[in-house]
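Enquirer: Please find the sequence and the predicted model below.
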2 protein chains.
Amino acid sequence: MEQELKQINFAFIGFGKVARAFARLSINRRKWLIKKYGVEWKITGIATKNHGISIDPQGLPIGKMLRSWKAHSNLNSFHNGPACDSHADFIRQCGADVLFEMSVLDLSGDPAASYIREALRAGLNVITTNKGPVATHFRSLSRLARQRDVQFLYEGTVMDGAPVFNLARHNLPATHIRSLRGILNSTTNYILTQMEQGTSFEAALEYTKNKGITEADPSLDLEGWDSATKLSVLIQALMGGNVKPNDIERHSISEDIGRKVRAAVRRDRRLRRVTRAYRQGGRVIGKVELQELEIFDPLAAIRGLSNILILNTDTMRELAIIENNPSVEQTAYALFSDLVSLL
Amino acid sequence: MEQELKQINFAFIGFGKVARAFARLSINRRKWLIKKYGVEWKITGIATKNHGISIDPQGLPIGKMLRSWKAHSNLNSFHNGPACDSHADFIRQCGADVLFEMSVLDLSGDPAASYIREALRAGLNVITTNKGPVATHFRSLSRLARQRDVQFLYEGTVMDGAPVFNLARHNLPATHIRSLRGILNSTTNYILTQMEQGTSFEAALEYTKNKGITEADPSLDLEGWDSATKLSVLIQALMGGNVKPNDIERHSISEDIGRKVRAAVRRDRRLRRVTRAYRQGGRVIGKVELQELEIFDPLAAIRGLSNILILNTDTMRELAIIENNPSVEQTAYALFSDLVSLL
């Protein structure tokens, strides 16, 4: 019954809701990881923007850190390693095999991209839920990972833990993706579908803000930047196109959308913000646009916070994935499934 | 640029539409398999019920066989190997590494199960699209494959090449499936959704027969045996339950369904035949039942020949897969994706 366990060290950048949910999930699945992969993990470092930094080569007491976590907590009290002044310093000193990059989103991609680059250079595998850096620096980061012979994984950038990139990688061999379309932003879909039932724009937006679903700056959702950034990742990773968020045409949603929503319902149709990409003359075109859909379009059936992605392929024709009412646990699961891919 | 190619030998049982589509797909992806896996394949044997048997250790001329194929073709003229009298004889003599079992469906599971058993015993990997034997003999065949250290794969038994078993295997690590529901029979879904638009039961059924979608005996579709057999495979493979097709409660569909279909539409709802499984007191219960669904249920949006499966899990909540308007190419792709899993 004895077996040689492989030790694997994690480091976190960011210790927000997703990071803590991932830590809890990893604790819950500790035995599963030992049984299935012979892998035992510990966290040797956590770096945050506002809650300090801690490193411990012996492993941080993550259970205790989670239990005692408060809005004003500071991680420095757990520090038991080399001094470090910056995140770059942290990455070089944290002694991790895998860096989980979960810093607060900036759609420009920075500073997350510089953390990821630093980690890949130092020979760490990187798993991120941060779509900004992946969209903006997809090619350079992917190339760097190949050069250093480490993994760079980003399942959580689109539809949380629902398999999108891992599906294409593992389950659609020898498949060419011709086009794709979907609903990828929970906030705007919630607003549009609640307005169908009479809720006001403000009340629906307020709900998503309170639920912590909306980006810190709601205009990123409403103006389509969130969808465009996700679409850019999809196009680069799945369709080989070189399309950045800025290259993607976007339709905004604002208070005056109510009239269009109701007009669509009267025609027995539904207004949805459709995120799509298609090939045209050797290029890939990306769009985030308002469309009135017939009631039987699978996108019309997607309500509330749910997301859908439909891939149009040469082998399987149309294949769709739906994620129903995700929460932070589903984002955490993206990190976990990337971890398993890596193992 | 030189590389050592690995030779892999295929044998087919059955040379119907699916088998021929799979052969064409494998020819189209020959270079891809070499490039990606360093694997070169040939077909060393094909056995059929009504078109003879042929074996050639050097590889059968599959391109020629496909081009010259006619309803009355006989494969014996291509035979260039040891004499064999029976399918069992064929399996032992065909010299294959992988047997593709695609014989005509018999929901009882025989004789396909005996071919699969024979092949596994002889140390061949087996890939099948035949739900009958998988449902009826799931445990014994899976055990036999483990004992002989070969693979027994069956992606094509449910939703053709849409990743169901491969998704659960590769993309949902450490996940417990609590329940599942879906629409898994194209014929009855086509009938129900065409009737919503005024087509008659007979005309809709006739269309699916002409398209070759309906089972040779349409009552297998209408009485829910096809769905129940697929559900039995899902329950055994994904939920660990020991539920055979006979244990599953079924609702039939017949001509008099029109009234219910129209009544549902008048209430702004939709009638669907829902295939579902759930846990109750340590057991798994399977049902194939008519349900009136609200218009926004994802199952209500599934029209025509399309299929959907929604998994309710502990890690990802609800995750759905939709296969849109499948044809024989999508079933062939199931065999191909299983082949890649095996490689």
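Expert: Cool, got the structure.

Enquirer: How about the residues of the stretch 101-250 of chain A by chain B?
Expert: Within the stretch 101-250 of chain A, the positions near chain B by C-beta under 8 Å from any C-beta of the partner chain are A:160-163, A:166-167, A:170-174. C-beta here means a position set from N, CA and C on the backbone, and glycine is covered the same way.

Enquirer: Could I get the residues you listed in JSON lines, plus columns for distance to A:Val126?
Expert: As requested, these are arranged in JSON lines below (distance: C-beta to C-beta, whole Å):
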{"residue": "A:Asp160", "distance to A:Val126": "18"}
{"residue": "A:Gly161", "distance to A:Val126": "17"}
{"residue": "A:Ala162", "distance to A:Val126": "21"}
{"residue": "A:Pro163", "distance to A:Val126": "19"}
{"residue": "A:Asn166", "distance to A:Val126": "16"}
{"residue": "A:Leu167", "distance to A:Val126": "20"}
{"residue": "A:His170", "distance to A:Val126": "19"}
{"residue": "A:Asn171", "distance to A:Val126": "23"}
{"residue": "A:Leu172", "distance to A:Val126": "24"}
{"residue": "A:Pro173", "distance to A:Val126": "25"}
{"residue": "A:Ala174", "distance to A:Val126": "28"}
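
Enquirer: What sits closest to A:Glu40 if chain neighbours are left out?
Expert: Spatial nearest neighbour of A:Glu40, excluding adjacent residues (C-beta to C-beta, 6 or more residues apart in numbering or on different chains): A:Leu5 at 4.6 Å.

Enquirer: what ranges do the helices span in chain A?
Expert: Using DSSP state H, the helices of chain A run over A:17-28, A:30-37, A:62-67, A:87-93, A:112-121, A:131-136, A:138-148, A:165-171, A:186-195, A:201-210, A:219-222, A:225-238, A:258-266, A:328-342.

Enquirer: Other residues contacting the longest one?
Expert: It stands for helix A:328-342. A:17-18, A:21-22, A:24-26, A:29, A:37, A:98, A:100, A:102, A:125, A:127, A:129, A:151, A:153-156, A:160-163, A:166, A:169, A:212, A:323, B:171-174, B:315-317 (C-beta atoms under 8 Å, 6 or more residues apart in numbering or on different chains).

Enquirer: Check the offset of it from the chain's centre.
Expert: 10 Å (C-alpha atoms, centre = their mean, to the nearest Å).

Enquirer: what mean pLDDT does it have?
Expert: Mean pLDDT, helix A:328-342: 94.

Enquirer: how close does the residue nearest the centre of chain A get to A:Asn130?
Expert: Closest residue to the average C-alpha location of chain A: A:Thr157 at 2.4 Å, with C-alpha atoms, centre = their mean. Computed as C-beta to C-beta, to the nearest Å, the A:Thr157 to A:Asn130 distance reads 7 Å.

Enquirer: Also A:Glu101?
Expert: 6 Å.

Enquirer: residues bridging contact with these two, i.e. touching both?
Expert: A:Ala112.

Enquirer: burial of A:Arg178, as a residue count?
Expert: 15 (other C-beta atoms under 10 Å in any protein chain shown).
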